[in-house]
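A.B. asks: from the sequence below, what's the structure:
(one chain, ligands or ions: 1)
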Amino acid sequence: MKRDWTTQEILDIYHLPFFDLIYQAAKIHRENHDPNKIQVSSLISVKTGGCPEDCGYCPQAARYHTEVKIHDMLPVNQVKAQALRAKQNGISRVCLGAAWRNVKDGPDFDHVLDMVREVTKLDMEVCCTLGMLTENQAKRLEEAGLYAYNHNIDSSEEYYKEVISTRAFEDRLETIGNVRKTSITLCSGGIIGMGESVEDRCGMLKVLANMTPQPESVPINALVAVEGTPMEDQEPVNIFEFVRMVATARIVLPQTQVRLSAGRTGFSKEGQALCFFAGANSIFAGDKLLTTPNPDVNEDKKLFDLLGLVPQQPFEKHPKREVVSSENSKYKALGENPKWTRPGHKIERNEAAKLRGKTQI
Ligand code: SF4
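C.D. replies: The predicted model follows:
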């Protein structure tokens, strides 16, 4: 598999005539996947809001004044009950998200490890998105049975600096490297519609496509511009640009599951069908994605029936891992306090969003 993509090569694919692009993507899709199967995930926000980071797209950042309702860690039983309901709706994977900068050893992380164990025991794939993490923390998640870790690179390395100032692109890559020291699969993608150029979109795909191995899952999000965030005025992404992004991702990441993530409510059924044809084979189901709206499960079922699509079963692509109890764990908390980067450069629109909040008070 090619691992030396340049941004220009990916741009050349992105700019192919539309039908040539989706034809080529659909062909590669069929060679590597069952085109009528879609992996369906559900997202549970286990700790919402109050995040110390300054990601310009995110309503959970404490510094912006959004309407997100903050809640602390959910009880394990509640998460398990939600996961069970998702399973009854044909959902194979549950993604547990916590609005943290990074994982800290202690009761909250132990609590997440218990959630991972309990939901894995339901015969569901569990993914976590918890921010930056160390190798030891990744190993503890692996032992708990974790199937996937999500850590998005968001955009190109160059544009990342226009979105976030509280951590650096290299921190993302370091966490991804720590996940890769385990057998946990990697989920990493990004967001389009943040004001980035097409070069940035293709630059992001270059980083993902040149990873060895490539991520098993790549979510492509269309920005949901939330009031109060620095990106509140961004125009929605045009469906044809989005399909181009999906098709290009499919071509450079042939074996990856390419996921339609945030922003799907803005797309028509026909638009989504075009994405599936162009190589998307994973979605988030459920009426909320952490804090932004998403199509209802029943709407998705109707769309699947219309298109003759079926949900992928759990562990079809990678085997289930044995769940090790906390008492039998080989890896104990090390109480690490790694110095993740904090570049702290000024991003004008992020600063303006903080000030807008202050003047409203
Ligand atoms: S995207 Fe994640 S890290 Fe960034 S502000 Fe939101 S919750 Fe925090």
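A.B. asks: and the stretch 101-250 of the chain, which residues reach the ligand?
C.D. replies: residue 131 (CB under 6 Å from any ligand atom). (Glycine included, C-beta is placed from N, CA and C.)
A.B. asks: where do the helices sit along the stretch 101-250 of the chain?
C.D. replies: Counting by DSSP state H, counting those that start in this stretch, the stretch 101-250 of the chain has helices at residues 107-120, 135-143, 157-160, 169-179, 198-209, 239-252.
A.B. asks: ok, and what's touching the last one?
C.D. replies: For helix 239-252, contacts defined as CB atoms under 8 Å, 6 or more residues apart in numbering pick out 2, 5, 10, 13-14, 18, 21-22, 24-25, 28-29, 192, 201-202, 205-206, 208-209, 218, 220, 222, 256, 258, 260, 263, 267-268, 271, 274-275, 278-280.
A.B. asks: just the buried ones from these, in PyMOL syntax?
C.D. replies: Typed into PyMOL, the line below selects the buried ones among the contacts of helix 239-252, using 16 or more other CB atoms under 10 Å:
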select buried, resi 5+10+13+14+21+22+24+25+28+29+192+201+202+205+206+208+209+218+220+222+256+258+260+263+267+271+274+275+278+279+280
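A.B. asks: do you know the pLDDT at the closest residue to the ligand within the stretch 151-300 of the chain?
C.D. replies: When scored by CB to the nearest ligand atom, the stretch 151-300 of the chain has residue 164 as its residue closest to the ligand, at 7.0 Å. What the model reports as pLDDT for residue 164 is 95.
A.B. asks: identify the residue nearest it in space, chain neighbours excluded?
C.D. replies: Closest residue to residue 164 apart from its sequence neighbours, by CB to CB, 6 or more residues apart in numbering: residue 55 at 5.1 Å.
A.B. asks: how close does the one you found get to the ligand?
C.D. replies: Distance, residue 55 to the ligand, by CB to the nearest ligand atom, to the nearest Å: 3 Å.
A.B. asks: next up, the contacts around that residue.
C.D. replies: By CB under 8 Å, 6+ apart, residue 55 lies in contact with 61, 154, 163, 164.
A.B. asks: switch the helices of the stretch 101-250 of the chain over to JSON lines; also include mean pLDDT.
C.D. replies: Shown next, in JSON lines, are the helices of the stretch 101-250 of the chain (pLDDT from 0 to 100):
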{"stretch": "helix 107-120", "mean pLDDT": "96"}
{"stretch": "helix 135-143", "mean pLDDT": "97"}
{"stretch": "helix 157-160", "mean pLDDT": "97"}
{"stretch": "helix 169-179", "mean pLDDT": "97"}
{"stretch": "helix 198-209", "mean pLDDT": "98"}
{"stretch": "helix 239-252", "mean pLDDT": "98"}
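A.B. asks: relative to residue 324, which of the ones you listed is closest?
C.D. replies: Among those, the nearest to residue 324 by CB to CB is helix 135-143 (4.3 Å).
A.B. asks: which residues does the closest one contact?
C.D. replies: Contacts for helix 135-143 (CB under 8 Å, 6+ apart): 103, 105, 109, 113, 116, 128, 133, 149, 178-179, 181-184, 321, 324, 329-331, 333-334, 336.
A.B. asks: that one: how far from the chain's middle?
C.D. replies: Centroid displacement of helix 135-143 relative to its chain, using CA atoms, centre = their mean, to the nearest Å, is 19 Å.
A.B. asks: now the angle from it to helix 107-120?
C.D. replies: If you take axes from the mean of the first three to the mean of the last three CA atoms, to 10 degrees, helix 135-143 sits at 30 degrees to helix 107-120.
A.B. asks: quick check: buried residues in helix 135-143?
C.D. replies: Residues of helix 135-143 classed as buried: 135, 136, 137, 138, 139, 140, 141, 142, 143 (neighbour count, 16+ other CB under 10 Å).
A.B. asks: OK, now which residue of the stretch 101-250 of the chain is nearest to the ligand?
C.D. replies: Closest residue of the stretch 101-250 of the chain to the ligand, CB to the nearest ligand atom: residue 131 (5.7 Å).
A.B. asks: mind checking pLDDT for that residue?
C.D. replies: 96.
A.B. asks: same thing with residue 287?
C.D. replies: 60.
A.B. asks: buried sites along stretch 36-52?
C.D. replies: For stretch 36-52, a neighbour-count test (16+ other CB under 10 Å) marks 37-49, 51 as buried.
A.B. asks: same thing with stretch 301-311?
C.D. replies: In stretch 301-311, counting by 16+ other CB under 10 Å, buried: 301, 303, 304, 309, 311.
A.B. asks: what is the mean pLDDT for that stretch?
C.D. replies: Stretch 301-311 comes out at a mean pLDDT of 95.
A.B. asks: just stretch 11-22 next, same as before
C.D. replies: Across stretch 11-22, the average pLDDT comes to 98.
A.B. asks: what of stretch 350-357?
C.D. replies: Mean per-residue pLDDT for stretch 350-357: 86.
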